[in-house]
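Asker: from the sequence below, what's the structure:
(2 chains)
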Protein chains: 2
Amino acid sequence: MKLATLKDGTRDGTLLVASRDLARALKADHVAPTLQAALDDWGYCAPQLEQLYNELNDRPSARALELDPAQLMAPLPRAYQFADASSFLVHAELIRKSRKQELPSWWKSEPMMYQGCSDPFLGARDDIVAAEDLGIDLEAEIAVVTGDVPLGVERDKAAAHIRLFVLLNDVSLRNLVPKELEKGFGFFQSKPPSALSPVAVTPDELGAAWDGKRVDLPLRIEVNGELLGEPNAGKDMQFHFARLIEHAAATRPLRAGTLVGSGTVSNRDRKTGAGCLFERRAEEIIKRGEAATPFLKYGDTVRLEMRDAEGRSIFGMIEQQVAAPA
Amino acid sequence: MKLATLKDGTRDGTLLVASRDLARALKADHVAPTLQAALDDWGYCAPQLEQLYNELNDRPSARALELDPAQLMAPLPRAYQFADASSFLVHAELIRKSRKQELPSWWKSEPMMYQGCSDPFLGARDDIVAAEDLGIDLEAEIAVVTGDVPLGVERDKAAAHIRLFVLLNDVSLRNLVPKELEKGFGFFQSKPPSALSPVAVTPDELGAAWDGKRVDLPLRIEVNGELLGEPNAGKDMQFHFARLIEHAAATRPLRAGTLVGSGTVSNRDRKTGAGCLFERRAEEIIKRGEAATPFLKYGDTVRLEMRDAEGRSIFGMIEQQVAAPA
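Answerer: Predicted coordinates for the structure are as follows:
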């Protein structure tokens, strides 16, 4: 099923069930007021939401709303945890190569993970608000939303705790990154709020593209209407989602509503393009000694979308514009 | 006023108003069901909670409960953000010195801050659950809980957004720290869930000890009933709370219920003892070449408490035992 959150003036919005084709939606607040509340009591709520979803897909309802992404908040407008990884290694390899940095010995054996901003998560049409002199970049990611994951979960039991998938634009302020990496405490100021896709979907909506580890579909990224990349999220993901959940839950339980992000989706086959502007700039630096592609400026637009094998949008489109802080 | 959260089998518990002397409490769920709900609507809820608090302090009530810390969750059992700093520089200076590391040029001018686990926050009597071979340590901190802080808040306006103070035991797994610092992505596995004090208090409860920047009171730390340290939280805090809020909100708004932590409270006058076991070990290494003080073992107990000038406990006591994972 597909779930969304309607803007209603509150911090958490109203839970919606969206139709598979993303055209219509039904309010589901009689089942659970918010998506977090549904995740908190998933065993009880999910079957009722699934029933609503089936009814919405099967026949017209006078109660159904048009699903307008501009009227949506992020499916989880605020979450208690966002554990973001860097599991497509080519992304960081390009950046390190452009800076003439070596790869460490543990590169392919241990995930990189930090805890990022999860309050707020921006809606799919919300502006990216940041000062453009900070080097504003997008990062195209796919993330899972977990249920309760026990402390020390085993890898082969981890995927069973995945409740939902979302797309995520992990907005990054590149000029602040080097100092924060030097400090060793991870990204903080360099990672302003991220945006989530209009809807979150249960694993069954991905069909055969989800093999319990990775999502084998291309993630299309456009900047100002031009294709930046279309890397496949199922290729070159060194640490798959079950591995990332295992890593995140090694010393803490993960609780319902935790997001675990893939990191920038990026492929070794560079014909698939870049997963962020910094990758393209790193390739320019490696080839020509300097970057030609600019970071995002005020008014620029970013689009992220994942379509299934038949070309149907799974999550709806993230479509954000860059705006100056007030 | 003083606020607490009663265990009731749910994830967020029931909001309580606690008496100033920490002896009694009144359920306040008719004002707001949870502390997060009160913080979400503070302007509306705080005066009503304040009125309850005054009534509870002024006269006996048959509706009042005995305030039993064992029946409490953390005041915020889960929070949307925990931005933890390292603002008592002597703490990290000792650690670096014991490892023969230099201090960087920005040491005294830029705060270190990472985002830590805030779901769950442990109750003041909950066990510390971690494998003892990971080098389990306490860190005695004081933290603020903010209301909504606008993106880019100015330093001199930041303190006005502080709603509450709590004590915090930032449990740390020392053997996992060096690798995570090397990765540059900050603490993740090395920081399991932290515990909060039994109650959270509004700034006025600190009286003259709170000057709008720091809390000028000693924080007493015991391990297995022996004094580890009693550093003053108002001394040697290089980056005061308004400065930390400014840093955290530089590129993101902070939203109601955000915790901003001081980092391990520690003084340059070493007669005040240590703010964590690692500091004592670092001093042993610097003096004698090796550490003698062990990290925490299963069954060990940790106590943190802050008393006012008249010796009255402000936040109640954090008193945790170490237990093995199931």
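Asker: just give me the neighbour total for residue A:101.
Answerer: Residue A:101 has 11 neighbours, counted by other CB atoms under 10 Å in any protein chain shown. Bear in mind the C-beta positions are built from the backbone N, C-alpha and C, glycine included.
Asker: give the contact list for it.
Answerer: Taking CB atoms under 8 Å, 6 or more residues apart in numbering or on different chains as the definition of contact, residue A:101 has no neighbours.
Asker: ok but it is inside a strand, no?
Answerer: No. Counting by DSSP: H, G, I helix; E, B strand; the rest coil, residue A:101 falls outside a strand, being coil.
Asker: ok, now how distant is it from residue B:29?
Answerer: Separation of residue A:101 from residue B:29 (CB to CB, to the nearest Å): 54 Å.
Asker: residue A:4 now?
Answerer: Applying CB to CB to residue A:4 and residue B:29 gives a distance of 30 Å.
Asker: and these two? which has more neighbours close in?
Answerer: residue A:4 (30 against 15).
Asker: tell me the contacts of the more buried one?
Answerer: Residue A:4 neighbours (CB under 8 Å, 6+ apart): A:16, A:17, A:18, A:25, A:67, A:72, A:75, A:198, A:199, A:200.
Asker: dihedrals phi and psi, the closest residue to residue A:211 other than its chain neighbours?
Answerer: Nearest residue to residue A:211, sequence neighbours excluded (CB to CB, 6 or more residues apart in numbering or on different chains): residue A:234, at 7.7 Å. Main-chain torsions, residue A:234, degrees, to the nearest 10: phi -90, psi -10.
Asker: end to end, how far does stretch A:140-157 reach?
Answerer: Criterion CA to CA, to the nearest Å; first-to-last residue distance in stretch A:140-157 is 27 Å.
Asker: and the contacts of stretch A:211-220?
Answerer: Contacts of stretch A:211-220 (CB under 8 Å, 6+ apart): A:140, A:142, A:159, A:165, A:167, A:206, A:208-210, A:227, A:229-235, A:237, A:240-243, A:265, A:272, A:275, A:303-309, A:314.
Asker: buried set for that stretch?
Answerer: A:213, A:214, A:215, A:216, A:217, A:218, A:219, A:220 (16 or more other CB atoms under 10 Å in any protein chain shown).
Asker: so what strands line up beside the helix or strand harbouring the last one?
Answerer: Element membership for residue A:220 (DSSP states H and E) is strand A:219-223. Applying DSSP bridges to the sheet, strand A:219-223 is found paired with strand A:226-229 (antiparallel), strand A:301-306 (antiparallel).
Asker: can you tell me the average pLDDT over the longest one?
Answerer: For strand A:301-306, mean pLDDT rounds to 98.
Asker: ok, now stretch A:13-20?
Answerer: 98.
Asker: so, in contact with chain B or not, it?
Answerer: No. Stretch A:13-20 stays clear of chain B (CB under 8 Å from any CB of the partner chain), getting no nearer than 13.2 Å.
Asker: near chain B, which residues of the stretch 101-250 of chain A are found?
Answerer: Selection of the stretch 101-250 of chain A residues close to chain B by CB under 8 Å from any CB yields A:104, A:106, A:110, A:112-120, A:129-130, A:134, A:151-152, A:173, A:176, A:179, A:181-193, A:247-248, A:250.
Asker: and these, which of them are buried?
Answerer: A:112-120, A:129-130, A:134, A:151, A:173, A:176, A:181, A:183-193, A:247-248, A:250.
Asker: ok, residues contacting the helix of greatest length in chain A?
Answerer: Using DSSP state H to define each element, chain A has its longest helix at helix A:42-58. Outside of helix A:42-58, the residues within contact range by CB under 8 Å, 6+ apart are A:1-3, A:17-20, A:24-26, A:28, A:31-32, A:37-38, A:61, A:64, A:147, A:163, A:256.
Asker: what about the residue lying closest to residue A:248 once chain neighbours are set aside, how many residues nearby?
Answerer: Of all residues not flanking residue A:248 in the chain, residue A:83 sits nearest, at 4.4 Å (CB to CB, 6+ apart). Close neighbours of residue A:83, defined as other CB under 10 Å, add up to 25.
Asker: mind checking pLDDT for residue A:83?
Answerer: 98.
Asker: and stretch A:187-195, how far out from the chain middle?
Answerer: Distance of stretch A:187-195 from its chain centroid, counting by CA atoms, centre = their mean, to the nearest Å, is 13 Å.
Asker: ditto for stretch A:1-10
Answerer: With CA atoms, centre = their mean, you get 17 Å for stretch A:1-10.
Asker: buried stuff in that stretch?
Answerer: A:1, A:2, A:3, A:4, A:5, A:6.
Asker: which of these sits closest to chain B?
Answerer: residue A:5 (15.3 Å; CB to the nearest CB).
Asker: for the residue most central in space within chain A, give the beta-bridge partners.
Answerer: Nearest to the mean C-alpha position of chain A, by CA atoms, centre = their mean, lies residue A:168 at 2.2 Å. Taking DSSP bridges as the rule, residue A:168 bridges to residue A:141, residue A:196.
Asker: from chain B, how far out is it?
Answerer: 16 Å (CB to the nearest CB, to the nearest Å).
Asker: contacts only, for that residue.
Answerer: Going by CB under 8 Å, 6+ apart, the list of residues near residue A:168 reads A:141, A:142, A:143, A:194, A:195, A:196, A:197, A:259, A:261.
Asker: cutoff 10 Å now
Answerer: Contacts for residue A:168 (CB atoms under 10 Å, 6 or more residues apart in numbering or on different chains) come out as A:74, A:82, A:84, A:116, A:121-122, A:139-143, A:194-197, A:259, A:261-262, A:304, A:315, A:318.
Asker: ok, now residue A:68?
Answerer: Here residue A:68 is in contact with A:6, A:7, A:25, A:125, A:198 (CB under 10 Å, 6+ apart).
Asker: now render the residues you listed as a markdown table, adding distance to residue A:93, secondary structure and pLDDT.
Answerer: Formatted as a markdown table, these follow (distance: CB to CB, whole Å; DSSP: H, G, I helix; E, B strand; the rest coil; pLDDT from 0 to 100):
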| residue | distance to residue A:93 | secondary structure | pLDDT |
| --- | --- | --- | --- |
| A:6 | 41 | strand | 98 |
| A:7 | 40 | coil | 98 |
| A:25 | 41 | strand | 98 |
| A:125 | 33 | coil | 98 |
| A:198 | 32 | coil | 98 |
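Asker: would you turn these into JSON lines with distance to residue B:53?
Answerer: Shown next, in JSON lines, are the contacts of residue A:68 (distance: CB to CB, whole Å):
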{"residue": "A:6", "distance to residue B:53": "37"}
{"residue": "A:7", "distance to residue B:53": "35"}
{"residue": "A:25", "distance to residue B:53": "43"}
{"residue": "A:125", "distance to residue B:53": "43"}
{"residue": "A:198", "distance to residue B:53": "43"}
